[in-house]
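Trainee: Need a 3D model of the sequence below.
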Amino acid sequence: MDDAPFPPSTTRFADSGGLSRFSSRHGRLSHAYLSDRLRGAQTYDRIAGYFRSSIFEIVGEEIESIGRVRIVANADLDVEDVEAAQKVRDAKLFQRFVEDDIIVDATVHRGRYRKLFELLSSGKVEVRVVARTVAPFLHGKAGVITGDAGSVAFMGSINETRAAWAHNYELIWEDTSPEGIEWVQAEFDELWEKGKPLPDAIIREVGRLSRRREVEIVDFIDEPESMAAAALTETPIYRDGETLQPWQRAFVAQFLAHRSTYGKARILLADEVGVGKTLSLAASALLSVLLDDGPVLILVPSTLTEQWQIELLDRLGMPVARWHSTRKCWIDPSGRSLKGAGAQDVARCPYAIGIVSTGLIVHGIDRHGNPKSGSEAEFLLRQKFGMVILDEAHKARGSEPIGSTTRTPNNLLKFIAQVAARSRHLLLSTATPVQTSEYDLWDLLQALNQHAGFVLGTAFSQWQRPDHVLPYLKGERQVADLREGWQLLTNPLPPVGNDDLIADIRDALELRASDWTTTKFASDMANPVIEAKADMELTAIREGLGYFQRDNPLVRHVVLRKRRDLERLGLIPVLPVDVHPNIEAPPPSHLFKGLSLYTSDAFDAAYQAVGAFTKAYAKRDKPAGFMKTLLLQRLCSSQAAGVATARALMGEVELDDEVQEELDVQVFDVRAEERSHLRVIIEALEGGDDPKLRAVRYFLDEHRSAPLSWRAMGAIVFSQYYDTAAWIASALSTSYPDQVVALYAGTGKSRLLVGGVSTSIERSQIKKLVAHREVKLVVATDAACEGLNLQALGTLINVDLPWNPSRLEQRIGRIKRFGQTRSRVDMANLTYAGTIDEQVYRVLSDRLKVSSDIFGTLPETIEAEWIDDIESLEKRLREYTVPRKRFDAFEQRYSADLATDDHKWEEVSAVFARSDVEKALATAWAAPRLSTKVSRHLPASK
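Mentor: Next up is the predicted model:
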């Protein structure tokens with residue numbers, strides 16, 4: 001095409017002005033029209049298409065000289081997203097901006113991004129965004145340009161990209177009549193008023209992308225803090241419009257600080273349930289691998305191994321392997337079994353990070369505390385680790401047998417104490433480190449102290465004796481003078497940090513930075529000024545706290561953030577949850593008996609058969625508690641899950657991983673009497689009508705909490721079992737043939753169902769469909785729930801209630817998060833009347849309303865032996881929720897500064913290539929030594 005100017009086709013109006021027509025058939029419009037009109041312009045109002053980085057690429061120089069530029073653009077958002085709170089809207093807009101290939105586009109067009117950032121940052125250019133549901137004007141582009149000679153209005157098919165102006169067939173009509181200019185200006189003004197400002201986060205991201213460069217991991221080995229941002233800034237959650245939360249980034253910084261200060265990290269993460277401990281630990285594990293500290297072993301309950309693997313991949317882009325307890329092989333992130341040579345392969349993980357079940361470890365320790373020959377525990381204790389992580393660490397604890405004055409560690413605690421000697425870093429995680437007494441906490445601190453005397457000091461340290469130091473920690477006793485506080489201060493001796501007193505004491509006693517204890521006395525400092533300063537500091541009360549409340553081994557090695565503190569800081573939304581059914585709004589009597597569902601005679605027969613089966617199983621001289629809990633929970637989940645479990649125990653289908661591990665068999669050897677009771681369960685329930693399905697339909701279609709139905713607002717239906725989730729998804733798809741139903745489950749099990757027809761789909765695709773509100777009905781399992789953010793939905797139905805308060809909190813957290821457009825969310829909980837499930841839920845719901853002790857609100861799990869009778873369960877839960885005086889020092893140390901958030905990862909431009917990170921994570925564990933000397937016992941403490 002000829003780039004030379006050309007005469008347009010023009011029609012003059014009788015009154016004033018005229019209409020000129022331009023076509024790219026005659027020349028490049030970028031040269032012939034827009035640049036020419038903008039040269040010398042004073043204002044420029046533009047109705048554009050979708051907001052993208054190329055919006056100013058052809059008129060950059062002209063734009064810089066214009067006094068005011070206003071652009072109103074589309075965004076692929078619903079009106080609910082745009083009209084939500086600013087923080088919600090900003091996150092949604094950011095998510096839309098960074099999806100697709102934004103990083104590749106920024107690499108190809110770095111100069112364009114730099115120019116766009118300058119224009120947006122200058123303040124001369126303002127951009128507002130209008131939802132597609134308000135004005136879907138993708139091709140309705142127009143503008144008004146005002147200069148010294150007056151104003152002109154234009155409209156046409158003109159896209160914003162340079163390629164469009166240069167290569168597309170474009171048409172422009174320019175109107176210089178007062179009526180035409182006024183009409184276009186009115187259109188712009190109306191859209192401008194409805195638009196919302198472009199978030200600062202997007203402007204910052206444009207700038208970051210303009211500076212973005214990929215760097216080598218090896219270049220950051222000496223800069224761990226910079227490495228954290230480089231490795232974690234562009235993880236998969238980035239594309240969800242998210243990043244690690246401030247308290248998660250603060251924990252990563254805490255891990256790195258421990259690594260630098262002590263040479264190794266020993267931390268108990270005691271954040272309250274539902275604030276994201278998994279990602280805090282996983283991010284630390286990733287850095288440990290990148291810093292070449294060695295293999296990482298993650299120990300979690302068997303029911304959570306797949307959930308951890310999914311979350312690490314979906315949220316942080318971390319491919320890791322999990323050990324299959326009965327197949328004796330590793331499972332890769334795609335769900336494939338990597339065949340091996342048996343139990344010994346547990347010490348040869350094909351990835352840098354391996355996940356192993358804690359139940360397997362417990363079974364692998366004998367009564368003397370030694371690993372059983374040929375067990376996974378034995379082979380793991382031959383390996384050396386860069387990091388060991390223990391989730392639900394409260395399960396590692398001691399007990400005091402009747403007549404004994406010392407605590408006896410259980411098998412898991414024995415193993416952790418031994419593996420600590422073979423690991424550089426040890427991270428423990430639990431929201432409830434205090435189970436029945438503070439001695440439970442000291443069991444975990446003792447484990448951290450193994451081969452790391454900087455935690456609790458030597459065997460002579462007073463910090464090894466909780467009965468002695470608790471009065472100081474709780475403020476019941478204050479240090480009277482330096483002599484009384486000296487041993488508390490110096491065994492272990494804190495790191496210097498920002499503490500001038502500790503620096504002075506270390507200098508006066510000529511201690512090395514790596515010395516954590518001293519046998520010297522205060523008088524050995526031979527400096528009366530420092531002695532006086534130490535005496536004054538140790539005896540002073542500041543903000544109501546004594547010295548050893550403000551600084552002690554607990555606050556140094558236990559990280560604790562309370563949900564209410566994070567809510568107060570605005571870091572977690574305060575979002576009320578309305579629970580249904582409830583007494584104030586009685587449910588329909590034809591479905592519910594009180595707050596639970598009516599059951600049939602057939603169900604009651606199956607329920608009785610579970611008890612009979614358990615009694616028959618107990619004749620094997622084996623504990624029957626697990627088997628009773630297993631069958632009761634699955635029967636109380638759904639009739640479909642009850643039938644599937646009975647069939648698995650009959651040998652008709654494969655047992656799931658949890659049962660295989662607990663029984664240590666792949667096939668259950670059912671006996672004749674047991675078989676007869678299982679047959680009763682199957683015959684009673686198979687093909688029967690399940691009242692839970694009727695209840696789900698009732699809440700989706702008939703129950704009203706707002707003008708819309710739950711199904712119209714969007715709902716997620718949760719179950720802890722895949723059998724139940726698959727049944728519900730299939731049934732709902734049949735009931736609502738015109739609605740897309742998503743089944744969000746473990747590896748290879750996620751599906752889309754339409755009219756009962758199922759299609760396999762990746763979990764990431766479901767997340768995107770939900771975010772775009774193309775799917776509004778999701779059925780999910782607990783195994784996958786951590787990777788799922790469903791703030792686009794506003795209602796939640798629990799088909800079953802996990803006997804695990806933390807799991808329940810995680811479910812609520814899927815919709816109770818930033819991005820939720822409703823001011824309140826609804827949750828329905830379904831239980832069968834007359835079952836233990838109903839009783840457990842009644843007690844649990846009562847306890848959920850009561851404040852907590854100093855370390856947590858509720859136990860992370862309800863143990864099987866607690867449910868023998870409901871009175872026992874109530875007593876156990878009361879032990880958790882008796883109010884105790886809080887250690888306010890935790891809030892002061894770990895929450896107070898989170899609002900400022902100094903870890904600005906979102907502004908980091910030097911990042912690692914994802915391929916480099918994945919390559920590091922794909923490094924297999926080195927073969928362990930053939931033999932090793934294993935510690936024979938864990939020292940008793942009290």
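
Trainee: mind checking which helix or strand of the chain has the lowest mean pLDDT?
Mentor: Among the helical and strand segments of the chain, the one scoring lowest on mean pLDDT, DSSP states H and E is helix 870-881, with a mean of 52.

Trainee: Where does the prediction get shaky in the stretch 351-500 of the chain?
Mentor: When the per-residue scores of the stretch 351-500 of the chain are filtered using pLDDT under 70, the ranges that remain are 402-404, 435-436.

Trainee: okay, now Arg96: neighbour count?
Mentor: Per other Cβ atoms under 10 Å, the neighbour tally for Arg96 reads 20. Every residue, glycine included, has its C-beta placed from N, CA and C.

Trainee: nope, Ala393 is what I was after
Mentor: The number of residues packed near Ala393 is 29, by other Cβ under 10 Å.

Trainee: give me every residue that touches it.
Mentor: Remark: with contacts taken as Cβ atoms under 8 Å, 6 or more residues apart in numbering, Ala393 is in contact with Leu268, Ile416, Leu428, Ser429, Thr430, Pro433, Leu444.

Trainee: now swap in Pro301 and tell me
Mentor: Under the criterion of Cβ under 8 Å, 6+ apart, the neighbours of Pro301 are Ser357, Thr358, Gly359, Asp391, Glu392, Lys395, Thr861.

Trainee: of the contacts of Ala393, closest to Trp247?
Mentor: Ser429 (13.8 Å; Cβ to Cβ).

Trainee: doesn't Glu392 make contact with that closest one?
Mentor: Yes - the criterion here is Cβ atoms under 8 Å, and Ser429 meets it with Glu392 at 7.3 Å.

Trainee: Quick check: Arg407 vs Val362, distance?
Mentor: Relative to Val362, Arg407 is positioned 17 Å away (criterion: Cβ to Cβ, to the nearest Å).

Trainee: Looking at the two, which is more packed in?
Mentor: Each of Arg407 and Val362 had its neighbours counted (other Cβ under 10 Å), and the higher figure belongs to Arg407 (21 against 17).

Trainee: Quick check: chain neighbours aside, which residue is closest to that one?
Mentor: Closest residue to Arg407 apart from its sequence neighbours, by Cβ to Cβ, 6 or more residues apart in numbering: Gly398 at 3.4 Å.

Trainee: For that neighbour, grab the count of nearby residues.
Mentor: Gly398 is surrounded by 21 other residues when neighbours are defined as other Cβ under 10 Å.

Trainee: For Thr835, which residues are in contact?
Mentor: Listed by Cβ under 8 Å, 6+ apart, the contact set of Thr835 reads Ser596, Thr599, Tyr607, Leu632, Leu635, Cys636.

Trainee: Please determine how far the fifth one is located from Phe603.
Mentor: Pointing back at Leu635 there. Leu635 is 8 Å from Phe603, by Cβ to Cβ.

Trainee: Next: the first one.
Mentor: The gap separating Ser596 from Phe603 is 12 Å, by Cβ to Cβ.

Trainee: what is in contact with the two at once?
Mentor: Common contacts of Ser596 and Phe603, defined by Cβ under 8 Å, 6+ apart, comprise Tyr832.

Trainee: The contacts of Pro301 in helices, which ones?
Mentor: Counting by DSSP state H, these place Thr358, Gly359 in helices.

Trainee: The contacts of Pro301 into TSV, with extra columns for neighbour count and distance to Tyr50?
Mentor: Formatted as TSV, the entries for these read as follows, by neighbours: other Cβ atoms under 10 Å; distance: Cβ to Cβ, whole Å:
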residue	neighbour count	distance to Tyr50
Ser357	24	48
Thr358	24	49
Gly359	22	51
Asp391	23	43
Glu392	22	46
Lys395	21	51
Thr861	19	48
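
Trainee: a markdown table for the contacts of Pro301, including distance to Val558?
Mentor: As requested, the contacts of Pro301 are exported to a markdown table (distance: Cβ to Cβ, whole Å):
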| residue | distance to Val558 |
| --- | --- |
| Ser357 | 25 |
| Thr358 | 20 |
| Gly359 | 26 |
| Asp391 | 16 |
| Glu392 | 16 |
| Lys395 | 17 |
| Thr861 | 20 |
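
Trainee: name the element Leu538 belongs to?
Mentor: The secondary structure element spanning Leu538 is helix 528-539 (assigned by DSSP states H and E).

Trainee: what pLDDT, on average, does the very next helix or strand once past that helix get?
Mentor: For helix 528-539, the succeeding helix or strand toward the C-terminus, using DSSP H and E, is helix 547-550. Taken as a whole, helix 547-550 has an average pLDDT of 90.

Trainee: Likewise for stretch 619-634?
Mentor: Average pLDDT, stretch 619-634: 81.

Trainee: what's it in contact with?
Mentor: Judged by Cβ under 8 Å, 6+ apart, the contacts made with stretch 619-634 from elsewhere in the structure are 610-611, 613-615, 617-618, 641-642, 644-646, 658-659, 662, 671, 673, 681, 720-721, 723, 800, 803, 835-837, 864-865, 867.

Trainee: Okay, now the unreliable bits of the stretch 651-800 of the chain?
Mentor: Judged by pLDDT under 70, the stretch 651-800 of the chain has its weakly predicted residues at 783-792.

Trainee: just the helices in it please.
Mentor: Taking DSSP state H, counting those that start in this stretch to define them, one finds helices in the stretch 651-800 of the chain at 657-663, 672-685, 691-701, 710-713, 722-735, 763-771, 782-785.

Trainee: now, of those, which is deepest in the fold?
Mentor: Neighbour counts averaged per stretch over the helices of the stretch 651-800 of the chain are highest for helix 782-785, at a mean of 24; criterion: mean count of other Cβ atoms under 10 Å.
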